[in-house]
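1. this one's structure only:
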């Protein structure tokens, strides 16, 4: 049975800690696609697509060069050397017998072969999975606003476990089951974003620490790109690929169990909407249901209606109080004006977007440099940008839009980014085709396009300046109104004295 909100509040640190670990291991692991691609190619996924025919005699050097290609067709009777070659590859075009040493050399260094057609198919699967990783957030946001995070998190962990099990099964016979990789990567992307999106509701239970916990959730989501590189280290150490996938599926089942035992059915209210602490302190009293029940909210609504009906009387009373306290204010008792919260939020969002765009430009510059240590820096910058951009957008939504629109806005943002993500398949085809494997011009074009990101902080600066101007005009209007009412009150007092 699902726990209550008060029980979930007592377990909030366990839920937050486990959510960070779960995000690292399951949320957006497809971002480390480069490492998974190597493992899939080594396991022979879509290797049957590769076919190369050789129309000249094969020497030992030719066989070693053939290490990176795929196949062979036979037009002569098979000798022992040709049989041994055929055992490890698909087919070979031979016009003279191969020496036994050459075949054994090839058989010992490589089992599965790769080609451009194989990489295109596997990258198409990654494109579909990454598209679902972003595009699913729009319907997820709507569903989570209606049903809460618990059912979506259960669904996400189940989908991730199913994807790992599907990859493990297809690895047993990749020549026949390679097509399952498309479905597996789709479930992987969908399950990962379910876990990410639901974890973003946990910070509501931490009050003043909400921003810190939110940063941990987003940071763990972005850092999940290092998961597949870590898995590849285990794979290179000799652990079978199928064992890795089955263990990963089992860990996803533990995520399902953790959510089933600890996550409540209700959504986590924001701190300004309810106080978890007060509810826990009143849990032993008989009146706690009256404090947080429907009657309390209806009473508050009724009081609000009464106050709105007596708005004029309240204004008159406030005006009288202002006149009486005016001498004290002039005597130095007035407090400094408070900073407008909306303007401050816009300022913070503007600065955050400027910093993120600078990191994005640096990432584009490092991608142009053909140097391995620099590429490691580019990977770190990519992870930072992907984490910061969600925090920036969340701060902007909090400053400009109502809080109940957060899920829909976040989903819409991810859907738009998913549409752009579909272009990566076309860019990959252009790189391996007309550009002959050189991504320089593609990276340069993306770097120039990323400069348009500075248009948003420029607009935020313009919008903030207009808000400051409107606020100044309102303050001047309020000061003029107060001065005119004061003069009117003074003149009425003189008339009353004259009549007396």
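-> Perfect, I can see it now. Keep in mind that this is a model prediction, so the values were computed, not measured.
2. Share the number of residues neighbouring the closest residue to residue 138 other than its chain neighbours, please.
-> Spatial nearest neighbour of residue 138, excluding adjacent residues (Cβ to Cβ, 6 or more residues apart in numbering): residue 411 at 3.2 Å. For the C-beta atoms, the positions are set from N, CA and C on the backbone; glycine is no exception. A total of 24 residues lie near residue 411 under the criterion other Cβ atoms under 10 Å.
3. List of residues touching stretch 416-434?
-> Residues from elsewhere that reach stretch 416-434 (Cβ atoms under 8 Å, 6 or more residues apart in numbering): 116, 119-120, 123-124, 127, 130-135, 437-439, 442.
4. what do you get if the cut-off is 10 Å, keeping everything else the same?
-> 116-117, 119-120, 123-124, 126-128, 130-138, 189, 193, 389, 414, 435, 437-443, 445-446 (Cβ atoms under 10 Å, 6 or more residues apart in numbering).
5. Please, a ChimeraX command that selects the buried ones among those?
-> In ChimeraX, the members of those classed as buried (16 or more other Cβ atoms under 10 Å) are selected with the following command:
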select :117,119,120,123,124,126,127,128,130,131,132,133,134,135,136,137,138,189,193,389,414,439,442,443,446
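6. if we can go back for a sec, check for me that the residue nearest to residue 138 belongs to a helix.
-> Yes. Judged by DSSP: H, G, I helix; E, B strand; the rest coil, residue 411 forms part of a helix.
7. Break the chain into its domains for me.
-> 5-43+116-272, 51-109, 344-400+439-485 (automatic domain parsing).
8. ranking those by burial, who's on top?
-> domain 5-43+116-272 (a mean of 19; mean count of other Cβ atoms under 10 Å).
9. average model confidence for that one?
-> Taken as a whole, domain 5-43+116-272 carries a mean pLDDT of 85.
10. again with stretch 412-431
-> Rounded mean pLDDT across stretch 412-431 is 78.
11. secondary structure class for residue 238?
-> coil.
12. Residue 244 versus that one, what's the distance?
-> 11 Å (Cβ to Cβ, to the nearest Å).
13. Show the contacting residues for the residue nearest to residue 138.
-> Residues in contact with residue 411 (Cβ under 10 Å, 6+ apart) are 134-145, 193, 197.
14. As a markdown table, these with secondary structure and distance to residue 181 would be great.
-> Converted to a markdown table, the contacts of residue 411 look like this (DSSP: H, G, I helix; E, B strand; the rest coil; distance: Cβ to Cβ, whole Å):
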| residue | secondary structure | distance to residue 181 |
| --- | --- | --- |
| 134 | helix | 19 |
| 135 | helix | 19 |
| 136 | coil | 19 |
| 137 | helix | 23 |
| 138 | helix | 25 |
| 139 | helix | 24 |
| 140 | helix | 24 |
| 141 | helix | 28 |
| 142 | helix | 30 |
| 143 | helix | 27 |
| 144 | helix | 29 |
| 145 | helix | 33 |
| 193 | helix | 19 |
| 197 | helix | 24 |
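15. between these, which is nearest residue 380?
-> Nearest to residue 380 out of those is residue 134 (Cβ to Cβ; 21.6 Å).
16. Give me the nearest residue to residue 199, chain neighbours excluded.
-> residue 19 (4.3 Å).
17. Wait, the one you found touches residue 216, no?
-> Yes. Between residue 19 and residue 216 there is a contact under Cβ atoms under 10 Å: 8.6 Å.
18. what residues are shared contacts of the two?
-> Contacts common to residue 19 and residue 216, judged by Cβ under 10 Å, 6+ apart, are 199, 202, 203.
19. re earlier: what about the residue nearest to residue 199, which SS state?
-> Per three-state DSSP, residue 19 ends up helix.
20. Also residue 427?
-> Quick answer, by three-state DSSP: residue 427 is helix.
21. where does the stretch 351-500 of the chain dip in pLDDT?
-> 403-404, 406-407, 483, 486-500 (pLDDT under 70).
22. hmm, 50 instead?
-> 496 (pLDDT under 50).
23. quick one: the helices in it?
-> Applying DSSP state H, counting those that start in this stretch to the stretch 351-500 of the chain gives helices spanning 372-400, 406-421, 423-432, 440-450, 455-499.
24. I'd like the distance between residue 44 and residue 206.
-> Counting by Cβ to Cβ - residue 44 and residue 206 are separated by 47 Å.
25. now residue 405
-> From residue 405 to residue 206 the distance is 22 Å (Cβ to Cβ).
26. go on, residue 427?
-> 41 Å.
27. what's the answer for residue 457, then?
-> With Cβ to Cβ as the criterion, residue 457 and residue 206 are 29 Å apart.
28. ok, now which ones touch residue 227?
-> Counting by Cβ under 10 Å, 6+ apart, residue 227 has contacts 23-32, 35-36, 248.
29. Now residue 263: closest residue in space, sequence neighbours ignored.
-> Using Cβ to Cβ, 6+ apart, the closest residue to residue 263 is residue 150 (4.5 Å).
30. brain fart, residue 33
-> Nearest to residue 33 is residue 126, by Cβ to Cβ, 6+ apart, at 4.9 Å.
31. does the one you found sit in a helix, a strand or a coil?
-> Under three-state DSSP, residue 126 comes out as helix.
32. What strand or helix carries residue 120?
-> Assigned by DSSP states H and E, residue 120 falls within helix 116-135.
33. before we move on, the earlier item: next, format the domains of the chain as CSV and append distance to residue 419.
-> Compiled in CSV, these are given as follows (distance: least, Cβ to Cβ, whole Å):
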stretch, distance to residue 419
domain 5-43+116-272, 8
domain 51-109, 34
domain 344-400+439-485, 15
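34. hang on, residue 235 packs against residue 247?
-> No. Using Cβ under 10 Å, residue 235 is not in contact with residue 247, being 11.9 Å away.
35. any idea how far residue 354 is from the residue nearest to residue 352 when sequence neighbours are not counted?
-> Of all residues not flanking residue 352 in the chain, residue 392 sits nearest, at 4.4 Å (Cβ to Cβ, 6+ apart). Distance check for residue 392 against residue 354: by Cβ to Cβ, it reads 10 Å.
36. what does residue 9 give?
-> Taking Cβ to Cβ, one finds residue 9 at 37 Å from residue 354.
37. I'm done for today, thanks for sticking with me.
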